[in-house]
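S.K.: Pasting the sequence and the predicted model now:
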Amino acid sequence: MADAIGIASTGLTLHRKWLDAVSDNLANANTATRTSAQAFRARYVLAEAGTGTSGVYVAGAAYGDATGRLVHEPDNPLADAQGYVRYPDIDLASQMGQLIMAQRGYQANAAVVDRAKTMYEAGLQIGK
């Protein structure tokens, strides 16, 4: 049972970091910058399986393209002489899909911890 809790806790950590990355991406999806600056770079969590029954770990992060996309908004105070501003190249539909997957993964790992805890408590009751 201890292995189940340990493995699920690594899954909880991974999914929490994934949720953090997706929430940052969603929060900055409409962040405009000057065309001379880099756009916000979307962050993607890289997962790595541990050895044996050690769970899963965050191996690092990958970042999206800094060139983003140019949008013609001549009224924007950040617009260049041609009226363009730079926005991140973040697909909201993809990010929402990732948000749902990360939430479900977090919930599943939390349920494993809860059930393992219940089994451990039942085992202690048997020993009384």
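M.R.: Nice, I can see it.
S.K.: how near is Ala108 to Ile7?
M.R.: Separation of Ala108 from Ile7 (CB to CB, to the nearest Å): 12 Å. C-beta here means a position set from N, CA and C on the backbone, and glycine is covered the same way.
S.K.: out of these two, which sits in the more crowded spot?
M.R.: Ile7 (19 against 13; other CB atoms under 10 Å).
S.K.: Quick one: mean pLDDT for the host helix or strand of the more buried one?
M.R.: Here Ile7, judged by DSSP states H and E, is contained in helix 2-27. When pLDDT is averaged over helix 2-27, the result is 94.
S.K.: and what of stretch 106-121?
M.R.: The model assigns stretch 106-121 a mean pLDDT of 92.
S.K.: Give the buried residues for it.
M.R.: Of all the residues in stretch 106-121, those buried under the rule 16 or more other CB atoms under 10 Å are 106, 109, 112-113, 116.
S.K.: out of these, what pair is the most spread apart?
M.R.: Tyr106 and Ala116 (15.9 Å; CB to CB).
S.K.: Endpoint to endpoint, stretch 21-38 covers what distance?
M.R.: 19 Å (CA to CA, to the nearest Å).
S.K.: Other residues contacting that stretch?
M.R.: 39-40, 42-45, 61, 66-68, 70-71, 73, 76, 78, 80, 84-88, 90, 92, 95-96, 98-99, 102 (CB atoms under 8 Å, 6 or more residues apart in numbering).
S.K.: In helices, which of those residues appear?
M.R.: Among the contacts of stretch 21-38, the residues falling in helices (DSSP state H) are 92, 95-96, 98-99, 102.
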